[in-house]
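Peer 1: Just a sequence and a predicted model for now, questions to come.
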Amino acid sequence: KVSHSIPFLVAKSLELFLGELITESVEVGNQGNASKLIPSHLKKVIEGDPKYDFLKNLVEEVPDLEEATKTGKKAKDKEPGATKAKRKNSKKDDSDLEDNVHKKVHTNGN
């Protein structure tokens, strides 16, 4: 049996944890004048703070922030001449990343 207070405690803990992770990721994005949060911002936070070590395996395949911003891939998608194919490929890359993270979460990182 589980006490009726456990779901509340777990939900509140998760809310506080995610709030802190996202806040720190937004700060990383703001330092680089980013207009939106990308997975590389989260990776930078996770790899830079030992308290997030347990999440490192989830961001292994996420491009490093320097690599993501250097290639300008996201910026190219916003260019006036960007084709639908470029935007579609960018969405596919994001979807592939989500699939990889989803698999790692559900296989306990193995």
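Peer 2: Yep, it's here.

Peer 1: wait, what's in contact with residue 20?
Peer 2: Contacts for residue 20 were tallied using C-beta atoms under 8 Å, 6 or more residues apart in numbering; there are none. In this view, the C-beta of every residue, glycine as well, is placed from N, C-alpha and C.

Peer 1: Which pLDDT value belongs to it?
Peer 2: The predicted structure scores residue 20 at 97 on the pLDDT scale.

Peer 1: Now it: which helix or strand?
Peer 2: With secondary structure defined by DSSP states H and E, residue 20 is part of helix 6-31.

Peer 1: Give me the buried positions along that helix.
Peer 2: Going by neighbour count (16 or more other C-beta atoms under 10 Å), the buried part of helix 6-31 is 21, 24, 25, 28, 29.

Peer 1: cool, stretch 55-63 as well?
Peer 2: Buried residues in stretch 55-63 (16+ other C-beta under 10 Å): 55, 58, 59, 62, 63.

Peer 1: do stretch 61-72 as well
Peer 2: Of the residues in stretch 61-72, 62, 63, 65, 68, 69 count as buried by neighbour count, 16+ other C-beta under 10 Å.

Peer 1: what's the nearest residue to the fourth one if we skip its chain neighbours?
Peer 2: Which is residue 68. Nearest in space to residue 68, with sequence neighbours left out and distances taken as C-beta to C-beta, 6 or more residues apart in numbering, is residue 40 at 4.1 Å.

Peer 1: What residues does the one you found make contact with?
Peer 2: With C-beta under 8 Å, 6+ apart, residue 40 has these contacts: 62, 63, 64, 65, 67, 68, 69.

Peer 1: Assign a three-state SS to it, would you?
Peer 2: When classified by DSSP: H, G, I helix; E, B strand; the rest coil, residue 40 comes out as helix.
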